[in-house]
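Participant: Everything below, folded, please.
(chains A and B)
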Amino acid sequence: MINVAILGSGNIGTDLLFKLRRSKRLNPVWMVGIVATSPGLAIAAQQGLKTTHDGIDGLLQHLDADKIQVVFDATSAKAHLRHHELLSGRGIRLVDLTPAALGPYCIPPVNLHEHMDAPNVNMVSCGGQATIPMVWAVSRVQPVAYAEIVATVASKSIGPGTRANIDEFTRTTRAGIEAVGGAAKGKAIIVINPADPPIVMRDTIHCLTQDVPDQSAITDSIHLMIESVKRYVPGYTLTNGPVFDGKRVSVWLEVAGLGDYLPTYAGNLDIMTSAALATGELIAEHLS
Amino acid sequence: MTSQPKSVCIHEMSLRDGMHPKNHQISLAEMVSIATALDRAGVPMIEVTHGDGLGGASVNYGFPAHSDEEYLKAVVPEMTQARISALTLPGIGTVDDMKMAADCGVSCFRVATHCTEADVAGQHISMSAKMGIETVGFLMMAHMVSAEELLVQATIMEEFGAEVIYCTDSAGHMLPADVTARIGCLRAGLNTKTQLGFHGHHNLAMGVANSLAAIDAGADRIDASCAGLGAGAGNTPTEILVAVLARLGIPTGIDLYAVMDIAEELILPMMDRPVRVDRESLVLGYAGVYSSFLLFAQRAADKYGVSARDILVEMGRRKTVGGQEDLIEAVAMDMARR
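Facilitator: Below you'll find the predicted structure:
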């Protein structure tokens, strides 16, 4: 077992804690917050983790004694810059769930093995985790000139951090569509829906192929990729498509979460924590 | 109706909302000739962007004939008195798009969110306000919340730096009493310096009546479009509103005959189809569905052999909001399978 710490005791950090507790390779030892009354810290303490509300400064002195080798950062892009500076010099591997993106983008079913030695890997965005596997499923068959994704998420699943900087989602996801998805040009759109009961995350992926799409090869590739994602996000479901219309290939998905700490509708957050877990587990395998 | 001595600012929508019924294919020459005619007619504000705002160019909403930058660069320098505004929807357009529009010389940004999601507009509203450009907070689908809830969201936008707050009837679902309640509540609750606006759609033929209700309840600005060119059954027709306001003695500064001529001679000949209350646009208003869904539903209905009206009603039942055009084809496929 590899000992790990979680930075950030909000929804993402706490949901990740539930998943880490089930892991056979990763052992969550520390949960780090900045608010003493954070419910996430209370849950972590109940589950036997060590906790601090002094942020990264409360963790640093314990890193060696507690043999922390991997740190998951579920704070903010700004905080991550400092965390990276303090931790990477000490040989600790960072899995970054913020939009800071200091390290390479990691989308587990696409490029998980490529960056196993990187000191810092970034999980792109919720919309990126949900849609980039589909862009790649097309671009691994034939060149994609343009890929566009529309992520529709429940209002209740979007926290204050994302709301205050929605452009970070748009930019980071677009960059991931190009860098990992393999599209020559990318575009990302996010729509927030306040319906009650909350809607399950929906994603639409449109790819414009350079040449006429090979329908059967693309259809097979998409179905294979759905199965790959389902291995770590069982609620990842193809609802419609692929539809072929000239050079357009369109796919519609629903992403239901596991309902660990966040409700099942919040598939957008669950796919981030599940992807981070899969990444952390592979890093652990390499380390041990 | 009590008569209002104060003037009302008309904000022309034909070159932005009017992009929807044109599939975003208005040519640069059309943009410039209509904008210059509006400018000469004394229309004080004109919006120019993709129908879905800056960055709307996409598979999801349609690729326009020209980029936002090309449209703005063609129109802005030709204006003698009219101010050009740009719409942006956070989640689609970014602050980078706004910087481009500012460089093109727009003098007003309208930052639009769904009526419950004002807090995603913080970056965009505050950047616009910091640049010293007039900033409007545009709360869409405002029929979906109560007047009191709308005020809470309007206050968030006001705190970010919005100087004008709009109650936006994106679905053309409101009746005059709904407008009176919302504008009245905003007027009572917001800073007295904050101006109010109303954006209507004519899906229930309430565009003019709702605009009058808004003015009566304290609105300073009204969105309208020559010949109604806009999504769904169109916006409040500018020429009718200007005539009605003239009858009420409310100054607009607009030459009535000039906007009549623009509607008749420039806009009508440009329409790909009549923009009117037909059974599909009527159902938008009746069911409270985002007006821009109209053409997408008609195309999906043709492709999958289902009824456009049924698609729109299903979009309403699923409580969709502006921007969810991607769901329309999926809904049509679901219906075709049944």
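Participant: in terms of contact, does B:Ala162 touch B:Leu196 like I think?
Facilitator: No - counting by CB atoms under 8 Å, B:Ala162 does not reach B:Leu196; the two are 10.9 Å apart. Where C-beta positions appear, they are placed from N, C-alpha and C, glycine not excepted.
Participant: who's more crowded, these two?
Facilitator: More neighbours surround B:Ala162 than the other of B:Ala162 and B:Leu196, with 30 against 22 (other CB atoms under 10 Å in any protein chain shown).
Participant: what about the more buried one, distance to B:Gly189?
Facilitator: Per CB to CB, to the nearest Å, B:Ala162 is found 14 Å from B:Gly189.
Participant: unless I'm mixing things up, A:Ala284 is touching A:Pro28, no?
Facilitator: No - in this structure A:Ala284 lies outside contact range of A:Pro28 using CB under 8 Å: 12.0 Å.
Participant: picking up where we left off before, what is in contact with B:Ala162 and B:Leu196 at once?
Facilitator: Counting by CB atoms under 8 Å, 6 or more residues apart in numbering or on different chains, B:Ala162 and B:Leu196 have no contacts in common.
Participant: Now the residue of the stretch 1-150 of chain A found nearest chain B: which helix or strand?
Facilitator: Nearest residue of the stretch 1-150 of chain A to chain B, counting by CB to the nearest CB: A:Val150, 4.4 Å away. In this assignment (DSSP states H and E), A:Val150 forms part of strand A:144-154.
Participant: tell me the mean pLDDT over the following helix or strand past that strand?
Facilitator: Next helix or strand after strand A:144-154 toward the C-terminus (DSSP H and E): helix A:160-164. Taken as a whole, helix A:160-164 carries a mean pLDDT of 85.
Participant: Which positions in the stretch 51-200 of chain A make contact with chain B?
Facilitator: Residues of the stretch 51-200 of chain A found near chain B (CB under 8 Å from any CB of the partner chain) are A:146, A:148, A:150, A:152, A:155, A:158, A:160, A:163-167, A:169-171, A:187, A:189-195, A:199.
Participant: where does the stretch 51-200 of chain B dip in pLDDT?
Facilitator: Applying pLDDT under 70 to the stretch 51-200 of chain B picks out no residues at all.
Participant: if we can go back for a sec, what about the residue of the stretch 1-150 of chain A closest to chain B, how many neighbours?
Facilitator: There are 28 residues near A:Val150, going by other CB under 10 Å.
Participant: wait, it sits on A:Asn193?
Facilitator: No - counting by CB under 8 Å, A:Val150 does not reach A:Asn193; the two are 11.7 Å apart.
Participant: Now for B:Ile215, how many residues are close by?
Facilitator: Around B:Ile215 there are 25 other residues, counting by other CB under 10 Å.
Participant: The helix or strand hosting it - contacts with which helices or strands?
Facilitator: Secondary structure from DSSP H and E places B:Ile215 in helix B:207-216. The contact analysis (3 or more CB pairs under 8 Å, 6 or more residues apart in numbering or on different chains; DSSP states H and E) places helix B:207-216 against helix B:176-189, strand B:195-199, strand B:221-224, helix B:238-247.
Participant: That one vs strand B:195-199, what angle?
Facilitator: Orientation check (axes from the mean of the first three to the mean of the last three CA atoms, to 10 degrees): helix B:207-216 against strand B:195-199 gives 170 degrees.
Participant: Taking helix B:238-247 as reference, get the angle to helix B:207-216.
Facilitator: Between helix B:207-216 and helix B:238-247, the angle comes out at 50 degrees (the same axes, to 10 degrees).
Participant: so A:Gly58 sits in a helix?
Facilitator: Yes - counting by DSSP: H, G, I helix; E, B strand; the rest coil, A:Gly58 is part of a helix.
Participant: picking that back up, which among the residues of the stretch 51-200 of chain A next to chain B count as buried?
Facilitator: A:146, A:148, A:150, A:152, A:155, A:158, A:163, A:165-167, A:169-171, A:187, A:189-195, A:199 (16 or more other CB atoms under 10 Å in any protein chain shown).
Participant: Next up, the contacts around residue 149.
Facilitator: Let's take chain A. A:127, A:131, A:135, A:173, A:177, A:186-189, A:203-206.
Participant: think we crossed wires, I meant chain B
Facilitator: Counting by CB under 8 Å, 6+ apart, B:Glu149 touches B:115-116.
Participant: Which helix or strand contains it?
Facilitator: Per DSSP H and E, B:Glu149 falls inside helix B:147-160.
Participant: So what's the residue count around residue 18?
Facilitator: No chain specified, so I'll use chain A. 18.
Participant: wait, chain B
Facilitator: B:Gly18 has 29 neighbours, counted by other CB under 10 Å.
Participant: Check B:Cys167 too.
Facilitator: Other residues within reach of B:Cys167, judged by other CB under 10 Å, total 30.
Participant: next one: B:Val152
Facilitator: 13.
Participant: The residue of the stretch 1-150 of chain A closest to chain B and B:Pro77: what is the separation?
Facilitator: A:Val150 sits 35 Å away from B:Pro77, going by CB to CB.
Participant: Those residues of the stretch 101-250 of chain B touching chain A, which are they?
Facilitator: Applying CB under 8 Å from any CB, we find that the stretch 101-250 of chain B lies next to chain A at B:114, B:116-117, B:119-120, B:122-123.
Participant: For beta bridges, what are the partners of the nearest residue to B:Met157 once chain neighbours are set aside?
Facilitator: For B:Met157, ignoring the flanking residues on the chain, the nearest one in space by CB to CB, 6 or more residues apart in numbering or on different chains is B:Gly137 at 3.0 Å. Legend: beta-bridge partners of B:Gly137 under DSSP bridges are B:Val111, B:Ile165.
Participant: Pretty sure B:Gly137 sits against B:Glu158.
Facilitator: Yes - contact criterion CB under 8 Å: B:Gly137 and B:Glu158 qualify, at 7.1 Å.
Participant: These two: which is more packed in?
Facilitator: B:Gly137 (30 against 22).
Participant: so what are the domain limits for chain B?
Facilitator: B:9-270, B:292-337 (automatic domain parsing).
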